[in-house]
Every structure is written in structure tokens, then in C-alpha cells.
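Colleague: here is my input; please provide its structure:
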Amino acid sequence: MRTVKVAGLFVGALLMAALPASAMVGFRGGFVIGPAFGPLGWYGPGLYGPYGPYPAYYANVGEIKLSTNVKDADVFINGAYAGKAAKLKSMWLAPDGYNLEVRAAGYAPYSERVYVVPGKTMRVDAQLTAGPKS
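Modeller: Numbering: from 1, shown residues only. Just a heads-up that it's a prediction; the model follows:
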């Protein structure tokens, strides 16, 4: 009887060890460091994801680094307002093609079609020239 219990415990331990290994087959990578909104509180001090002092890595995204000579210019992605150029120095987007526009009063608008590739960084230098007000 004792050998049956030991054998049962051994088989149970093997099954429990094999379960997490089979669950990891579907994992595609990436992790996020940020605050927990559950009973555990914060994961760590000052770790807030892509807008905090440390980078957060996501699965299947690419980065666009934007630089421009007009810091208060408005940035639009696919026609939707994304924010001010001074705050959007780095943007993490899903892989796809995007229409990027930078507009400021008193300057000619800058527009470019950008293609985001997962795991790559694309640098966009949007130099606005003085022109008609838009």
C-alpha cells in the first residue's frame, strides 16, 4: 500500500511539473512593469511602463522616435490627435502603416507615411518650415 501512495505522489509531481511547461508553449514574449491595482500594491518604486523612467517591453510592437524643431506642434496619427511633439518623443505602436502628421500654427505641415516593424526603432525628423498658417 505504501508503494502505491509513493507512486501516486511521484506521478502527481510529474503532472504538476509538466503543466507549466505546456502553458509556456503559447507565450509570445514581452512583459510589463507597472503598478498593480490589486491587493499586492506596487511592484516596485518608479516603474510605470513606457512613460516611466524605465522602459517597458511589449510583445510585437515597434518604436517611433520623433524629433522636431517646433516643440509645441500637434502630432496626428492616422488623422487622430496624439499629443504635443514635446511629450511624444517616443511612441510604441503595433506593427502597421501609419500616416504621421505634425502641424503648428505659422508652419507648413509635415506628413509622412511610416511603417512600424516589431522590435525596431524608426527615427522621424519632422523639420517644419515657415509657411502658410493652417
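Colleague: so for residue 100, what's the pLDDT?
Modeller: For residue 100, the model assigns a pLDDT of 94.
Colleague: now whichever strand or helix holds it: buried residues?
Modeller: Here residue 100 sits within strand 96-103, counting by DSSP states H and E. For strand 96-103, a neighbour-count test (16 or more other Cβ atoms under 10 Å) marks 98, 100, 101, 102, 103 as buried. C-beta: built from backbone N, CA, C; applies to glycine.
Colleague: okay, now the sheet partners of it, with direction.
Modeller: According to DSSP bridges, strand 96-103 has the following sheet partners: strand 74-77 (antiparallel), strand 110-116 (antiparallel).
Colleague: that older thread, show me which of the buried residues of strand 96-103 is closest to residue 87.
Modeller: Of all these, residue 102 has the smallest distance to residue 87: 13.0 Å, by Cβ to Cβ.
Colleague: I figured the closest one hits residue 108, correct?
Modeller: No: counting by Cβ atoms under 8 Å, residue 102 sits too far from residue 108 to count as a contact (10.2 Å).
Colleague: joint contacts of those two?
Modeller: Common contact partners of residue 102 and residue 108 (Cβ atoms under 8 Å, 6 or more residues apart in numbering): residue 128.
Colleague: after the lowest-mean-pLDDT helix or strand in the chain, which helix or strand is next?
Modeller: When the helices and strands of the chain are compared on mean pLDDT, DSSP states H and E, helix 2-23 comes out lowest with a mean of 71. Where DSSP H and E defines the elements, the next helix or strand beyond helix 2-23 is strand 62-68.
Colleague: in that following strand, what's buried?
Modeller: Within strand 62-68, the residues scored as buried using 16+ other Cβ under 10 Å are 62, 63, 64, 66, 68.
Colleague: now, which of the residues you listed sits nearest residue 127?
Modeller: Compare each of the buried residues of strand 62-68 with residue 127 using Cβ to Cβ and the shortest gap goes to residue 68, at 6.8 Å.
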